[in-house]
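**Q** A structural model of the following input is requested.
(one chain, ligands or ions: 2)
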Amino acid sequence: MAVDRAPLLDRKLLDGLAALEGRARPPLRDLDASIRPGSRPGSRPGSRPGSRPGSRPGSRLSARAAIALFDAQAGSRHLDLAARALRARGDGFYTIGSSGHEGNAAVAAALRPTDPAFLHYRSGAFFLARAHQVPGQTPLLDVLLGVCASADDPIAGGRHKVFGSLPLAIPPQTSTIASHLHKAVGAAVALDRAARLGAAVTPPPDAIVACSFGDASANHSTATGAINAAAWTAFQHLPVPILFVCEDNGIGISVRTPAGWIAASYRDRPGLHYVWADGLDLPHAYDAACAAVEHVRATRRPAFLHLRTVRLLGHAGSDVEQSYRGLAEIEADEAADPVLATARLLVESGARTAAEVRWQYEELRARVAALADEAARRPRLQSAAEVIAPLAPRTPEAIAVEAARPAPAAARAALWDDKLPELERPGHLAVHINRALGDLLAKYPELIAFGEDVARKGGVYNVTAELSRRAGVGRVFNTLLDEQSILGLAIGAGQLGLLPIPEIQYLAYLHNAEDQLRGEAASLQFFSAGRYRNPMVVRIAGYGYQKGFGGHFHNDNSVAVLRDIPGLVIASPARGDDAAAMLRTCVAAAKVDGAVCVFLEPIALYMTRDVHEPGDGLWTSAYDPAAHAPLGAARRYGDGADVLLVSFANGAWMSLRALRRLEREHGISGRVLDLRWLAPLPVDDLVREACAVGRVLVVDETRRSGGVSEAVIAALVDRGFTGRIARVASEDSYIPLGAAASHVLVSEADIERAALALCGARPLASVAP
Ligand SMILES: Cc1ncc(C[n+]2csc(CCOP(=O)(O)OP(=O)(O)O)c2C)c(N)n1
Ligand SMILES: [Mg+2]
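**A** Ligands and ions are numbered 1, 2, ... in the order given. Sure, this is the predicted structure:
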């Protein structure tokens, strides 16, 4: 039978306190016992030694600060105990606790409350300690509201139990392991870059970023990648003021971290300053944390704080720890309880009597219990509409106004060296995207564009050519080769107030980084009830049909991973004028609504100028700096009534060509609807056109399974369309090299065949809506 060790741990702590009775030194005379919110927790660097009573000789932790931090540590412990009690009575839903990790209170004390902190899920004491530094906070109730999944939870509104707070500069994190480290690095890089650009961002310019994670998580590619990205940046003497805090309890659920592994891995990394801290000993943890924080703040270079902790009470309430750990090992950790260690410190230093500590502990128990009852009574989320409300707010009118707002003429003239792009001859897709990006750089001083090879090379396809020179290397720059880092930089920069346009070189390279979009970027407004946002427009070059250049990495038509991300905007223009207009709309949606947008560019159409005959120039257009396109509005070509070809990207171009032949060779008239937006799908436009024609052929260059046509046909069915529907889609296959690619991709011949079949091989009379 598994024993719940929570009451045992509590008992042991009380026994420990009892054992301290009689061991107290006389109380320190000049110590003001009441720790007011807003008071600084430790003695400031540079203050005269001995000017305040210390918690221990040689430590910078004052006795007063130690009392305040004990309050945070003991408060965190009682939150863990209350979470289990709430769970047991059916009022609470989350029991992953912070017990044994309460040393992280010292890290909070070493930081400033304005330093953005991206926290591990065992950060109860950090959270409470930081809350002590900011007036007017109610952190105990706030955490309990999260545990009870109450709609009143002031950060996630009952959507998840997270440590997060806007006034405390703690963006909420969910628990996918270490995936928050990339955005923390991104925020750190963006912090100093924003200052140099003169862009107004939320944290003060001398802020640093902190992030924490567990020892097992330190092995995850997200952690190793993010730490590498920070070190890579620092190695080049670029500022990246970040504190990595690895809370090392020696285990990840049931898997032990090899002894010495974290130190061996991180002690001697170039560009990374390593500091060891004993999180079971408050003065040591505080002194080490101060040293690490000061290093980061002064040098703007990363530090790795290796914080020793123990894990008490198992991984979570449901974890039967005894099934994989021996009792002696569990009891050894319990004997190292950091809350008891701080109690001992307070008594032995004379800061508190044992009775006072005990009173403080019991008073917290009573307060937390009362607040737990209160939290359990608070309202829960009542409907799908309420749950979804903050996911992806849309204000189309405001977006249209923002998109229409022109860039300042002087900024445009400067960026384009007085050669304005609207005076150029009609251009193709790549040129339009380039010009729109340039204009957006002129319009938004806070806009940054980055990715692999985007700077001097101008990207693989020249789409960002010259932009780095025109706008400056601080705004259009190369990143290291790591898509997770690229998206993490976008998230961090967006959260701080910049307007990031990251580029993913090929759609195939999104896949190894996709969680940064799905789990992190797209979920932030949801898990913060709209309090935090990370606006961005991710440019991705994709799809198949490249002539003479191939392989499945460069021709990828898999969009399923994007289509089901809630709230994600997916724009996919087929031609230049649409692309420029839609890019402006996406950036406006990011600015106004905090939207996370993906801008999927068909590589094979980048340089395409003609549609039907060489030299017809029908796929080029003049550049219009004022154009924008409503989110989720399709574009229609023609008004024939025999068949509607519904498509997007390369498929739209192919459909136009196929329709011309259908008209000329078979007398079939039709129209092409270019969806332009894969999310939100232009369902109204789709249904209207489908009803007008009665026969719909969906031309889908993405895969038959998980491809766009599934959504299009489902939308028609959902809306009661009763006409005929057919589709052509690409095979469920990777795209092979060379000419073999044509065997698996939708072709114009496929479109013609399917359209003829749909129309009964000869023109039929139109079907009334
Ligand atoms: C990507 C991912 N894989 C697996 C998990 C499941 N998981 C949750 S916590 C955890 C162990 C983490 O251990 P550690 O980083 O040492 O943190 P600790 O819980 O010990 O503080 C695992 C495997 C997850 N949340 N995310
Ligand atoms: Mg661990």
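**Q** how near is the closest residue to Trp677 other than its chain neighbours to Gly136?
**A** In space, and not counting its chain neighbours, Trp677 is closest to Gly632: 4.8 Å by CB to CB, 6 or more residues apart in numbering. Using the backbone N, CA and C atoms, a C-beta is placed for each residue, glycine as well. Per CB to CB, to the nearest Å, Gly632 is found 41 Å from Gly136.
**Q** more neighbours, these two?
**A** Taking neighbours as other CB atoms under 10 Å, Gly632 and Gly136 compare with Gly632 leading, 21 against 8.
**Q** which residues touch the more buried one?
**A** By CB atoms under 8 Å, 6 or more residues apart in numbering, the residues touching Gly632 are 677, 680-682.
**Q** quick check: the residue of this structure nearest ligand 1.
**A** For the chain and ligand 1, the shortest gap (CB to the nearest ligand atom) falls at Gly214, measuring 2.1 Å.
**Q** who does that residue bridge with?
**A** Beta-bridge partners recorded for Gly214 (DSSP bridges): Glu247.
**Q** could you do Val643 as well?
**A** Note on Val643: beta-bridge partners Gly670, judged by DSSP bridges.
**Q** check contacts around whatever residue of the stretch 351-500 of the chain ends up closest to ligand 2.
**A** Closest residue of the stretch 351-500 of the chain to ligand 2, CB to the ion: Gln484 (21.6 Å). Counting by CB under 8 Å, 6+ apart, Gln484 touches 182, 221-222, 225-226, 512-513, 516.
**Q** swap in Val744?
**A** The contact partners of Val744, taken as CB under 8 Å, 6+ apart, are 730-731, 733, 735-736.
**Q** what about 6 Å?
**A** By CB atoms under 6 Å, 6 or more residues apart in numbering, the contact set of Val744 is 730-731, 733.
**Q** about what we covered before: got phi/psi on the residue nearest to Trp677?
**A** phi 80, psi 30 (degrees, to the nearest 10).
**Q** what strand or helix carries Glu665?
**A** Following DSSP states H and E, the helix or strand that holds Glu665 is helix 649-666.
**Q** so Gly458: helix, strand or coil?
**A** With DSSP: H, G, I helix; E, B strand; the rest coil as the basis, Gly458 sits in coil.
**Q** neighbours of it, just the number please.
**A** 19.
**Q** got it, and Leu697?
**A** Per other CB under 10 Å, the neighbour tally for Leu697 reads 30.
**Q** which of the contacts of Gln484 ranks first by neighbour count?
**A** Neighbour counts for the contacts of Gln484 (other CB under 10 Å) peak at His182, which has 33 neighbours.
**Q** give me the pLDDT value at the closest residue in space to it that isn't next to it in sequence.
**A** Counting by CB to CB, 6+ apart, His182 lies nearest to Gly488, which is 2.4 Å off, once chain neighbours are set aside. Per-residue confidence at Gly488 stands at 98 (pLDDT).
**Q** now a ChimeraX select for only the buried ones of the contacts of Val744.
**A** Buried residues among the contacts of Val744 (16 or more other CB atoms under 10 Å), as a ChimeraX selection:
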select :730
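**Q** looking at the contacts of Val744, which are in helices?
**A** Among these, DSSP state H puts none in helices.
**Q** now, which of the contacts of Val744 sits nearest ligand 2?
**A** Closest to ligand 2, out of all of these and judged by CB to the ion, is Ser733, at 41.8 Å.
**Q** near ligand 2, which residues of the stretch 251-400 of the chain?
**A** Residues of the stretch 251-400 of the chain lying close to ligand 2 by CB under 5 Å from the ion are Gly252.
**Q** mind putting the contacts of Gly632 into a markdown table with pLDDT, secondary structure and neighbour count?
**A** Formatted as a markdown table, the contacts of Gly632 follow (pLDDT from 0 to 100; DSSP: H, G, I helix; E, B strand; the rest coil; neighbours: other CB atoms under 10 Å):
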| residue | pLDDT | secondary structure | neighbour count |
| --- | --- | --- | --- |
| Trp677 | 98 | strand | 24 |
| Pro680 | 97 | coil | 15 |
| Leu681 | 98 | coil | 21 |
| Pro682 | 98 | coil | 25 |
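**Q** which of those residues sit farthest apart?
**A** Pro680 and Pro682 (7.6 Å; CB to CB).
**Q** ok, now how distant is the residue nearest to His182 from His180?
**A** Taken as CB to CB, the span from Gly488 to His180 is 9 Å.
**Q** with Thr585 instead?
**A** 30 Å.
**Q** what's the neighbour count on Glu613?
**A** Neighbour count for Glu613, taken as other CB under 10 Å: 9.
**Q** give the contact list for it.
**A** Contacts for Glu613 (CB under 6 Å, 6+ apart) come out as none.
**Q** show the subsequent helix or strand relative to the longest helix along the chain.
**A** Determined from DSSP H, the single longest helix within the chain is helix 63-88. Heading C-terminal from helix 63-88, the first helix or strand you meet, by DSSP H and E, is helix 104-110.
**Q** could you list the residues of this structure in contact with ligand 2?
**A** Proximity of the chain to ligand 2, by CB under 5 Å from the ion, involves residues 214-216, 249, 252.
**Q** all strands of the stretch 451-600 of the chain, in order?
**A** 476-478, 499-504, 536-542, 569-571, 596-602 (DSSP state E, counting those that start in this stretch).
**Q** if we go by neighbour counts, what in the second one is buried?
**A** When you say that, I think you mean strand 499-504. Per 16+ other CB under 10 Å, strand 499-504 contains these buried residues: 499-504.
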